[in-house]
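Participant: coordinates only, sequence not included:
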């Protein structure tokens, strides 16, 4: 759900001369970091397809927050794919379930859609970028992934606090229309869970991965109680377990798994 327009960035750079000298560097730094992030590869699609390729069986994929399916969903390779989006940002909204993630999981729990046995290999969460909603999506996703499945999140590594603002429509900032929201807070909260392995791939605005099965990164002690951005910024490699995609592939190359712990999770509806 990233919005990046070159003409928007250009107009902001032209405004640098109008900023007070003490503030101009904030704009330039944010613009530079936006450009850097947009150049990073691989994109989330390649990472998701890699995770799906780990299974030798038929795979089920669920995407929460699709917007334009050509951005990601249409490029995912899975035996069965399901998409959920209320259609607030893309008028055509060609998805399977035109509803919110809360309503989708509620219907799933009530056996109104799919089947009671349905479990997903990967659930990709890219819906409303606010921590409370993302946390709820993660909790619900864990109730419907396979034992060796993954919950994947977009926008976990905002480069500046302007990108991590709560209000998307506040465009008059150094981040312009680029928005990661507060997804990082929900991801970091799950980094505290000792029953969950996690890491964040340092590309495409931060691709967070959570799993009960594969040792991709151990939990951390609870810290930064108020989820202050400045503290995360100083410790982001540790807090988010930032790694490169090649490191993830090495970690998963042997497909080492641990004995699963039954998580006391219930749908948060």
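Facilitator: Noted; the coordinates are in hand. Model, not experiment: these values are computed from the prediction.

Participant: surely residue 152 meets residue 134?
Facilitator: No. No contact is recorded between residue 152 and residue 134 when judged using C-beta atoms under 8 Å, the distance being 11.9 Å. C-betas here are computed from N, CA, C, even on glycine.

Participant: Which one's more surrounded, the two?
Facilitator: residue 134 (31 against 24; other C-beta atoms under 10 Å).

Participant: Give me the common contacts of residue 152 and residue 134.
Facilitator: Taking C-beta atoms under 8 Å, 6 or more residues apart in numbering as the contact definition, residue 152 and residue 134 share the neighbouring residues residue 125.

Participant: Check which helix or strand residue 146 maps to.
Facilitator: Using DSSP states H and E, residue 146 falls within strand 145-153.

Participant: And for residue 237?
Facilitator: In this assignment (DSSP H and E), residue 237 forms part of helix 236-240.

Participant: Do a quick rundown of the helices in the stretch 101-250 of the chain.
Facilitator: Counting by DSSP state H, counting those that start in this stretch, one finds helices in the stretch 101-250 of the chain at the ranges 101-109, 131-142, 183-191, 229-234, 236-240, 245-252.

Participant: Which positions in the second one come out as buried?
Facilitator: It refers to helix 131-142. 131, 133-142 (16 or more other C-beta atoms under 10 Å).

Participant: Which positions within the strand holding residue 146 qualify as buried?
Facilitator: When neighbours are counted by 16+ other C-beta under 10 Å, the buried residues of strand 145-153 are found to be 145-146, 149-153.

Participant: so where is this protein shaky, pLDDT-wise?
Facilitator: For the chain, residues meeting the criterion pLDDT under 70 lie at 1-23, 254-269.

Participant: Can you check which helix is longest in it?
Facilitator: helix 21-39 (DSSP state H).

Participant: Show me what it packs onto, helices and strands only.
Facilitator: helix 6-14 (3 or more C-beta pairs under 8 Å, 6 or more residues apart in numbering; DSSP states H and E).

Participant: follow-up on the earlier one: tabulate the helices of the stretch 101-250 of the chain in a markdown table, adding columns for distance to residue 29.
Facilitator: Putting these into a markdown table (distance: least, C-beta to C-beta, whole Å) gives the following:
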| stretch | distance to residue 29 |
| --- | --- |
| helix 101-109 | 34 |
| helix 131-142 | 24 |
| helix 183-191 | 18 |
| helix 229-234 | 12 |
| helix 236-240 | 16 |
| helix 245-252 | 25 |
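
Participant: Report how many residues lie close to residue 112.
Facilitator: The burial metric for residue 112, expressed as a neighbour count using other C-beta under 10 Å, is 9.

Participant: Repeat that for residue 111.
Facilitator: 10.

Participant: ok, it to residue 180 distance?
Facilitator: Residue 111 sits 35 Å away from residue 180 when distances are taken as C-beta to C-beta, to the nearest Å.
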